[in-house]
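Q: My questions are about this predicted structure, shown below with the sequence.
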Amino acid sequence: GGCNGMELMQAGEDVEKIKDLLRNQGFLDAVVTLQTEEKSGEYNLIYQIEEGQRYWVEKITLEGCHFFKEGSLLKELRENSRKKEIFDQTNLKMVQVDGLLRGRPYSPNGLQASIETLQDLYGKRGFREARVSGRFFEGQASKNSLRVHFEIQEGEKYYIDKVALRGNHKIPDSEIRSKILLAPEDVLDVSKERASRTALLATGLFQDVKTFTEEGSQYNRQLLVFDVVEKAQELSFGMGAGYVWKGSPERSLVVAAPFPVLFTFNFSAGWGMAWIQTKKFVRKRFEKNQQRQGSSNQPSRIEKQHE
């Protein structure tokens, strides 16, 4: 049958995904086109792919690094840029990719992974506002070789002035601070900041946890704020009734039991036992009343003698 609008829309998205896949394999000039072919009343979708030449990383250079030596940063890119988590702009999801290396194919996602690697390194050493950008130029070795260049804006190295908590009303500060890996006078390590946020969310006590900084007492000191949103607590309601029979201890009853009400009623074992005892008590009272009524209807001895 014919292709409907939804199928064509999906096919168009597939074209972009194929392009993205090829570009991240080094085929930056790849062209993907979509055609429809009718045959015997059936429509087929045909993807035509022209890969073009594959581009390789010839050299990696850096600019703006002062705290770290260029050699240290290049070593970081070689050894610690594997399986970095980045956001894929085409597939709109987080993916794990390797950073760029000399002699390997160039890829846009690889460039982003290398940027994340450098920013993470700076963040661990207190450069919370460090910014890294990257671009490529034509290389000199061949037409399909590229020189990758990173520009770094280090910013200020920060220390923690204080750690402030906001938004907690029921959960005590001590319980929250036990999950935070940073303290006053520490280097403001961004990786520990993220790990602390993850640890707080993992407790299941919070709906959301946000972190941000504010100006501290000195120019290179910052107030680190953990702003939490506590999860709503389950509400409980109590219901019950009381009845005490004045008599022997065996007849003493208290028919009452609290139970939670969460759209369904969950009766506790105590309530069930009380209900059973109440049924037994009512049955006994009914039997006794029946016996009394039966005895009152029988004729007395005097009436029998008179008869």
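A: All right, it came through fine. Numbers count the residues shown, from 1 in each chain.

Q: Give me the mean pLDDT for stretch 54-68.
A: Throughout stretch 54-68, pLDDT has a mean value of 98.

Q: As PDB, could you dump the C-alpha coordinates of that stretch?
A: This file holds the C-alpha atoms of stretch 54-68, laid out as PDB (Å, rounded to 0.1, in the frame of the first residue of the first chain):
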ATOM      1  CA  ARG A  54      36.600   9.900   6.100                       C
ATOM      2  CA  TYR A  55      38.400  12.500   8.300                       C
ATOM      3  CA  TRP A  56      41.100  11.700  10.900                       C
ATOM      4  CA  VAL A  57      42.600  13.600  13.800                       C
ATOM      5  CA  GLU A  58      46.100  14.800  12.900                       C
ATOM      6  CA  LYS A  59      46.900  16.900  15.900                       C
ATOM      7  CA  ILE A  60      45.300  18.300  19.100                       C
ATOM      8  CA  THR A  61      46.300  21.700  20.500                       C
ATOM      9  CA  LEU A  62      45.200  23.800  23.500                       C
ATOM     10  CA  GLU A  63      45.100  27.500  24.300                       C
ATOM     11  CA  GLY A  64      44.400  29.400  27.600                       C
ATOM     12  CA  CYS A  65      45.700  26.700  30.000                       C
ATOM     13  CA  HIS A  66      47.700  28.300  32.900                       C
ATOM     14  CA  PHE A  67      46.900  26.200  36.000                       C
ATOM     15  CA  PHE A  68      47.700  22.900  34.100                       C
END
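
Q: Can you show me the CA trace of stretch 150-164 as CSV?
A: Presented in CSV, the C-alpha positions along stretch 150-164 are these (Å, rounded to 0.1, in the frame of the first residue of the first chain):
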residue,chain,number,x,y,z
PHE,A,150,40.6,23.6,22.4
GLU,A,151,40.2,27.1,23.9
ILE,A,152,40.1,27.2,27.7
GLN,A,153,38.8,30.0,30.0
GLU,A,154,39.9,28.8,33.4
GLY,A,155,38.3,31.4,35.6
GLU,A,156,38.9,31.5,39.4
LYS,A,157,39.8,28.6,41.6
TYR,A,158,37.2,28.4,44.4
TYR,A,159,37.1,27.1,47.9
ILE,A,160,34.1,26.4,50.0
ASP,A,161,33.1,29.1,52.5
LYS,A,162,30.1,27.3,54.0
VAL,A,163,27.7,24.5,53.0
ALA,A,164,24.1,25.7,53.3
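
Q: Figure out how far that stretch is from the centre of its chain.
A: Centroid displacement of stretch 150-164 relative to its chain, using C-alpha atoms, centre = their mean, to the nearest Å, is 26 Å.

Q: do the same with stretch 49-67
A: Remark: stretch 49-67 is offset 34 Å from the chain centroid, using C-alpha atoms, centre = their mean.

Q: Mind listing what's buried along it?
A: Within stretch 49-67, the residues scored as buried using 16 or more other C-beta atoms under 10 Å are 55, 56, 57, 58, 60, 62, 65, 67. Yep, even glycine has a C-beta here, placed from its N, CA and C like the rest.

Q: and what of stretch 124-134?
A: Neighbour counts over stretch 124-134 (16+ other C-beta under 10 Å) mark 125, 126, 127, 128, 129, 130, 132, 134 as buried.

Q: And for stretch 200-208?
A: 200, 205, 206.

Q: Mind putting these into CSV with distance to residue 97 and pLDDT?
A: As requested, those are arranged in CSV below (distance: C-beta to C-beta, whole Å; pLDDT from 0 to 100):
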residue, distance to residue 97, pLDDT
200, 28, 98
205, 34, 97
206, 31, 97
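
Q: where does the protein have low pLDDT?
A: Counting by pLDDT under 70, the chain contains low-confidence residues at 1-5, 8, 234-282, 285-286, 289-290, 292-307.
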